[in-house]
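J.: Need coordinates for the below:
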Amino acid sequence: MTFDVTGFGARGDGQALDSDAINAAIQAARAAGGGTVRLPAGRYLCFSIRLASGVTLKLEEGCVLVAADPARHGGRYDPPEENPHDLYQDFGHSHWRNSLIWGEDLEDVAIEGPGRIDGEGLTREGPGSRWRKQAGEFPLSMVGLSAEAMAELVPERAAMIGQGNKAIGLKRCRKVRLSGFTLVRGGHFAVLATGCEDLTIENLLVDTNRDGLDIDGCTRVRISGCRVNTPNDDAIVLKASMALGEALPTQDVEITGCHVSGFDLGTVLDGSLGREQRLSPDQDRVTGRIKIGTESNGDFRRIRIRDCVLERSRGLALETVDGGTIEDVEIENVRLVEMTSSPLFLRLGARLRGPEGTRPGALRRVSVRNLDGEGAFADLPVILAGLADHPIEDVRLENLDLSFLGGAGEAGVEPPELEDAYPEPRMFGDPPAWGLWARHVRGLEVTGLSLNGNADARSPVRIDGRPIAPEALAGRPYGAA
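T.: Take a look at the predicted model:
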């Protein structure tokens, strides 16, 4: 059955609040055993929309679902639910109901395009975690920010009541499909899915002001054909936090045919691909990348990334610093254009933001094949950085064609370990190699490595303190015995 929201009082004029009418249509569809809630062309100004099992929210051509602003539109978003498990991750990861669209404990639910979601009235900011230790909470690039600047980026919790913190929040849902719509200005997260199973995200255009697609503690996830532009944060990111009170794994994930970037906000949507913004809020260069971590209490297993493009992006990052294990990751056929950081960053660290007794995890069995960055000109090398007592294990790099800007690093000077620092490629400054730097890695195999660009005084390759000629890499594994 189809339920047209105009039949429930929605006006779609961009002036009247339509959230009550849309929620009434969703409940009618639920009561009928399921159906499609239709939003025809128009501008629907809304506070929180509550999804229901068996219901598809259909945004038709010309439909724009607009996030209302509590300061201007005389209403409030649903309050963030109580969460006794909010100690080890930030506010945004710990709540779902304070969203423009949210669903909890649902099954067989979908949001379909070709219409648009515009998070105009959402906030992209939110408080950090309440973790007592606070080590590694923020990237080292933010050390110089003033107290006033930090207060703006990380507001107090009381300031969040009534605010919308994300465009779509999904918690413990099964059989979810997000398909074919456009999402702009998504707040802290354009999509946050936590503890979900059988999640399909396909053919979205996301041009947003902070994180794009955040997948946290989810199983059986397919992300395909998406265009995600996030100059201020990560585009597609897999996480495994403690937001649901346990270290749930993120596993059996496939990311295919996606294009991520860090162009100016809104300029992928209008096609102009602006490059005026130089820095993200963390004071490093623009982001727009595919990442595993940083929230890493749980494990990451069987992740496949293939046939993707990363443009004006910090590249690919695999980071476990909170006790989780990353294993069995396959990356293949990825094209890099205009890198703003390291094209490939693997970090096993010991921030250990987790329950008492948390120990360093593991990062192992990673395969990267056909990474083409001939014109990428990254300003940092490929970085693989484990810990002395917990090395990264069994990494295979095959057919990497990469170009670099070079830098001013000193040859042979090893950076400090920085075990508990927030993981970012920039944390090590200019490493002692301009093309590939690996430290505390056991079983590294490299074949078909082409490094070019602006070579400097450093070695092109340095592994565990030893300079190695790129042509001498093939034939045997490197790293600690």
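J.: Buried residues, stretch 346-366. List them.
T.: Burial within stretch 346-366, assessed by neighbour count using 16 or more other Cβ atoms under 10 Å, is assigned to 346-354, 358, 360-366. Where C-beta positions appear, they are placed from N, C-alpha and C, glycine not excepted.
J.: measure that stretch end to end?
T.: Using Cα to Cα, to the nearest Å, the span of stretch 346-366 from its first residue to its last is 10 Å.
J.: Same check on stretch 5-18?
T.: For stretch 5-18, the end-to-end distance is 9 Å (Cα to Cα).
J.: Stretch 111-126 now?
T.: For stretch 111-126, the first-to-last residue distance is 26 Å (Cα to Cα).
J.: which residues touch the helix or strand where residue 215 lies?
T.: Residue 215 belongs to strand 211-216 when assigned by DSSP states H and E. Strand 211-216 is contacted by residues 93, 186, 188-196, 199, 201, 204, 206, 221, 223, 226, 228-230, 233-241, 243, 248, 250, 253, 260, 295 when judged by Cβ atoms under 8 Å, 6 or more residues apart in numbering.
J.: so where's this structure shaky on pLDDT?
T.: Along the chain, the model assigns pLDDT under 70 to residues 475-476, 479-481.
J.: The spatially most central residue of it: what's it in contact with?
T.: Among the residues of the chain, the one closest to the centroid is residue 237, at 2.7 Å (Cα atoms, centre = their mean). Residue 237 makes contact with 211, 212, 213, 214, 215, 290, 291, 292, 293, according to Cβ under 8 Å, 6+ apart.
J.: Can you list the buried residues in the longest helix seen in the chain?
T.: Using DSSP state H, we find that the single longest helix of the chain is helix 19-31. By 16+ other Cβ under 10 Å, the buried positions in helix 19-31 come out as 19, 21, 22, 23, 24, 25, 26, 27, 28, 29, 30.
J.: contacting residues around that helix?
T.: With contact meaning Cβ under 8 Å, 6+ apart, helix 19-31 is reached by 1, 3-5, 7-11, 35-37, 39, 44-55, 57, 68, 75.
J.: mind listing which of the residues you listed are in strands?
T.: 3-4, 35-37, 39, 44-46, 49-50, 55, 57 (DSSP state E).
J.: Only whichever of these are buried, select them in PyMOL.
T.: Selection of buried members from the ones in strands among the contacts of helix 19-31 for PyMOL, criterion 16+ other Cβ under 10 Å:
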select buried, resi 3+35+36+37+39+44+45+46+49+50+55+57
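J.: among the ones in strands among the contacts of helix 19-31, which two are most distant?
T.: 35 and 45 (23.8 Å; Cβ to Cβ).
J.: List the residues that contact residue 392.
T.: Applying Cβ under 8 Å, 6+ apart to residue 392 gives the contacts 346, 348, 363, 364, 366, 384, 385, 386, 440, 441, 442, 444.
J.: Dump the strand holding residue 215 to PDB, restricted to CA.
T.: The C-alpha atoms that make up strand 211-216 are tabulated as PDB, following Å, rounded to 0.1, in the frame of the first residue of the first chain:
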ATOM      1  CA  ASP A 211      31.200  12.600   8.400                       C
ATOM      2  CA  GLY A 212      29.500  10.800   5.500                       C
ATOM      3  CA  LEU A 213      28.700   7.100   6.100                       C
ATOM      4  CA  ASP A 214      29.600   5.800   9.500                       C
ATOM      5  CA  ILE A 215      29.100   2.000  10.000                       C
ATOM      6  CA  ASP A 216      29.600   1.000  13.600                       C
END
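J.: List of residues touching the helix or strand immediately after that strand in the chain?
T.: Proceeding N to C from strand 211-216, the next assigned helix or strand is strand 219-224, under DSSP H and E. Contacts to strand 219-224, defined as Cβ under 8 Å, 6+ apart, come from residues 193, 196-203, 213, 215, 236, 249-258.
J.: and if we set it to 7 Å?
T.: Outside of strand 219-224, the residues within contact range by Cβ atoms under 7 Å, 6 or more residues apart in numbering are 197-202, 213, 215, 236, 251-258.
J.: for stretch 152-164, same thing?
T.: 67, 70, 76-77, 79-80, 91, 98-100, 121-123, 125-128, 187, 281.
J.: Give me the distance between the two termini of that stretch.
T.: Using Cα to Cα, the gap from the first to the last residue of stretch 152-164 comes to 16 Å.
J.: Mind listing what's buried along it?
T.: 153, 155, 160, 163, 164.
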